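**Q** sequence and predicted model, in that order:
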Amino acid sequence: MRRVIAVSALVAFGSPAAAQTVAITNARIHTAAGAAIERGTIVFRDGHIVDVGANVTAPAGARVIDGSGKVVTPGLIDSHTSLGLVEIPLSAGPSDASTTSPRLTAAYDVVDAIDPASTLLPVNRVAGITRAVVAPAPGTSVIAGRGAVIDLGGERVDEMLARSPSAMYVTLGQAGAGLAGGSREAAILLLKEALADARDFASNRAAWQENRRREYALGRLDMEALVPVVRGEVPLAVNVHRASDILSVLRLRESFAELRLVLTGATEAWVVAPDLAAASVPVVIDPLQNLPGMENSSITLENAARLHDAGVTVAFATFESHNARNLKQRAGNAIAYGMPQDAALRAVTAVPAQIWGIADRYGTLEVGKDADIVVWSGDPFELSTAAEHVFIKGRQMPDMTRQKLLLEKYRSLR
């Protein structure tokens, strides 16, 4: 019974309905689409932004939030998490981030494994994370499966989905080599074979079904899942770090011209930044990573700034679940090491929205966009700053978390 009450407290939304008109006034508004608006007002109703600017007046009857001294931004998006898939690592509890089934690789999809009642959603939501990319973890194949973009405000998975699938996930480099028998080349060959099979399957589906086509390395479900990838309809997100491995990934375009590549991890991406910029391949990185290893000896905290300076499209991610809330710290760290503040803001708002295909309704504070809005106590990238109001699709999110429930429970001990 106690668990039911606790979960209900975390998912129940007692704040104003989306239909109510809300106006945030006198705030410094960073739209992520242009220059900041000083002492501006943003108005939203029915889940969408209806007005924003310096000379906007709060409509009669609107709920007014005084933003004097506050900063308003779009809700932040973490571009790589396992939110909803993992609750307590290393426990016998839920962990649906990957599969070891030899019959499922590309066909694995995170959607049906996401738990909207996960206690990890509220604790990250109150820190200004309103949307996140949920990605599968590597299993026993170089192809991990399909991810999805969710918002953190729904009570059901179908209410939370912003885009599915968001990408097909692949692991190459050192980790991929370990999944392919020990060689980087073996991992690349397995990926190329799967993509070639999917392309052949797409053109000869009827013949294959009638057993008039060669056998494929993967099964029918995997082939079906890979067809949109080889057609360029779904991005191929490749986790890779070493500069030479990144160049190997770029060479995939020589055989599969339609591929929409996205690199994740990419700790040595700055070394080949001109190549990435020329190929128009975006990267998703953790700006706080700086510990060198055997495959990223050139890692640096300036990775984000150097990529930005070279014209590469950059988005930020925590690659976590419990601590996606530290995304703003990652962005602040990138700023400290040379990335412009407006670019860092876009790396957690507008840019990921573009990469993952939801920019038509999310990522910037513009009329018609979803009202995913955060009111901060100050500079959002300062450690001491707090998210005072978090709206997702126009609904204010409750500030209750499991941590707060435990605090109240054990505040007074006999």
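**A** Okay, I see it. Numbers count the residues shown, from 1 in each chain.
**Q** can you tell me the SS state at the nearest residue to residue 168 once chain neighbours are set aside?
**A** Distance criterion Cβ to Cβ, 6 or more residues apart in numbering; nearest residue to residue 168, sequence neighbours excluded, is residue 229 at 4.8 Å. From N, CA and C alone the C-beta is placed, and that goes for glycine too. Here residue 229 is recorded as helix under DSSP: H, G, I helix; E, B strand; the rest coil.
**Q** and residue 229, what is it in contact with?
**A** By Cβ atoms under 8 Å, 6 or more residues apart in numbering, residue 229 lies in contact with 106, 168, 195, 198, 235, 236, 259.
**Q** for residue 401, give me the pLDDT.
**A** pLDDT recorded at residue 401 is 84.
**Q** same question for residue 93.
**A** 53.
**Q** how many other residues sit next to residue 47?
**A** Per other Cβ atoms under 10 Å, the neighbour tally for residue 47 reads 17.
**Q** and the gap between residue 291 and residue 284?
**A** 18 Å (Cβ to Cβ, to the nearest Å).
**Q** the more surrounded of those two?
**A** Neighbour count, other Cβ under 10 Å: between residue 291 and residue 284, residue 284 has more, with 29 against 8.
**Q** touching the helix or strand hosting the more buried one from outside, list them.
**A** In the assignment (DSSP states H and E), residue 284 maps to strand 283-285. Contacts to strand 283-285, defined as Cβ under 8 Å, 6+ apart, come from residues 79-80, 237, 262-267, 269, 276, 303-304, 307, 312-317, 352, 355.
**Q** could you do stretch 208-219 as well?
**A** 103, 105-107, 190, 193-194, 197, 200-201, 204, 207, 223, 226.
**Q** what distance do you get for residue 410 to residue 403?
**A** Residue 410 is 11 Å from residue 403, by Cβ to Cβ.
**Q** with neighbour numbers in mind, choose between the two.
**A** residue 403 (12 against 8).
**Q** looks to me like that one is in a strand.
**A** No. Assigned with three-state DSSP, residue 403 falls outside any strand and is helix.
**Q** ok, it touching residue 123?
**A** Yes. Using Cβ atoms under 8 Å as the test, residue 403 is close enough to residue 123 to be in contact (6.1 Å).
**Q** can you pull out the strands in the stretch 301-414 of the chain?
**A** With DSSP state E, counting those that start in this stretch, the ranges of strands along the stretch 301-414 of the chain come out as 314-316, 373-376, 387-392, 395-396.
**Q** show me what the second one is packed against.
**A** Packing contacts for strand 373-376, counted by 3 or more Cβ pairs under 8 Å, 6 or more residues apart in numbering; DSSP states H and E, involve strand 22-29, strand 71-74, strand 387-392.
**Q** for this protein, name the helix or strand with the lowest mean pLDDT.
**A** helix 2-11 (a mean of 47; mean pLDDT, DSSP states H and E).
**Q** re earlier: which pLDDT value does the model give the residue nearest to residue 168?
**A** 98.
**Q** make TSV from the helices and strands packed on strand 373-376 and add distance to residue 329 to it.
**A** Formatted as TSV, these follow (distance: least, Cβ to Cβ, whole Å):
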stretch	distance to residue 329
strand 22-29	20
strand 71-74	15
strand 387-392	13
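**Q** so which residues of the chain form helices?
**A** Here the chain has its helices, by DSSP state H, at 2-11, 120-125, 157-160, 173-179, 184-203, 205-209, 220-230, 243-250, 273-279, 303-309, 327-336, 341-346, 350-355, 402-409.
**Q** any idea how far the fourth one is from the chain center?
**A** Right, helix 173-179. For helix 173-179, the separation from the chain centroid amounts to 23 Å (computed by Cα atoms, centre = their mean, to the nearest Å).
**Q** could you count how many residues lie near residue 397?
**A** Neighbours of residue 397 using other Cβ under 10 Å come to 21.
**Q** what's the burial count for the closest residue to it other than its chain neighbours?
**A** Excluding the flanking residues, the one nearest residue 397 by Cβ to Cβ, 6+ apart is residue 390, at 4.5 Å. Other residues within reach of residue 390, judged by other Cβ under 10 Å, total 26.
**Q** ok, now residue 156?
**A** 10.
**Q** wait, isn't it in contact with residue 115?
**A** No. Residue 156 lies out of contact with residue 115 (Cβ under 8 Å); the separation is 10.9 Å.
**Q** roughly how far does residue 181 sit from residue 187?
**A** 8 Å.
**Q** neighbour count: these two, which is higher?
**A** residue 187 (27 against 10).
**Q** how much space between the more buried one and residue 116?
**A** 34 Å.
**Q** check residue 266 too.
**A** From residue 266 to residue 116 the distance is 31 Å (Cβ to Cβ).
**Q** cool, residue 225 as well?
**A** 24 Å.
**Q** what of residue 156?
**A** 6 Å.
**Q** could you do residue 72 as well?
**A** Distance from residue 72 to residue 116, by Cβ to Cβ: 27 Å.
**Q** compare neighbour counts for these two and give me the winner.
**A** The neighbour comparison of residue 72 against residue 116 (other Cβ under 10 Å) goes to residue 72, with 25 against 17.
**Q** how about the more buried one, what does it touch?
**A** Applying Cβ under 8 Å, 6+ apart, the residues near residue 72 are 24, 27, 28, 29, 30, 40, 42, 365, 373, 374, 375, 376.
**Q** show me the shaky parts of the protein.
**A** For the chain, applying pLDDT under 70 flags the ranges 1-19, 89-95, 97-98, 101-104.
**Q** nearest to the spatial middle of it, which residue is it?
**A** residue 79 (2.2 Å; Cα atoms, centre = their mean).
**Q** correct me if wrong: it contacts residue 131.
**A** No. At 9.6 Å, residue 79 does not count as touching residue 131 under the criterion of Cβ under 8 Å.
**Q** narrow the contacts of residue 229 to those in strands?
**A** 168, 236 (DSSP state E).
**Q** could I get the contacts of residue 229 as TSV with neighbour count and distance to residue 58?
**A** Formatted as TSV, those follow (neighbours: other Cβ atoms under 10 Å; distance: Cβ to Cβ, whole Å):
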residue	neighbour count	distance to residue 58
106	26	50
168	29	45
195	22	53
198	25	53
235	22	40
236	23	46
259	18	48
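**Q** on that earlier part again, filter the contacts of stretch 208-219 to the buried ones?
**A** Neighbour-count burial (16 or more other Cβ atoms under 10 Å) applied to the contacts of stretch 208-219 gives 105, 106, 107, 190, 194, 197, 200, 201, 223, 226.
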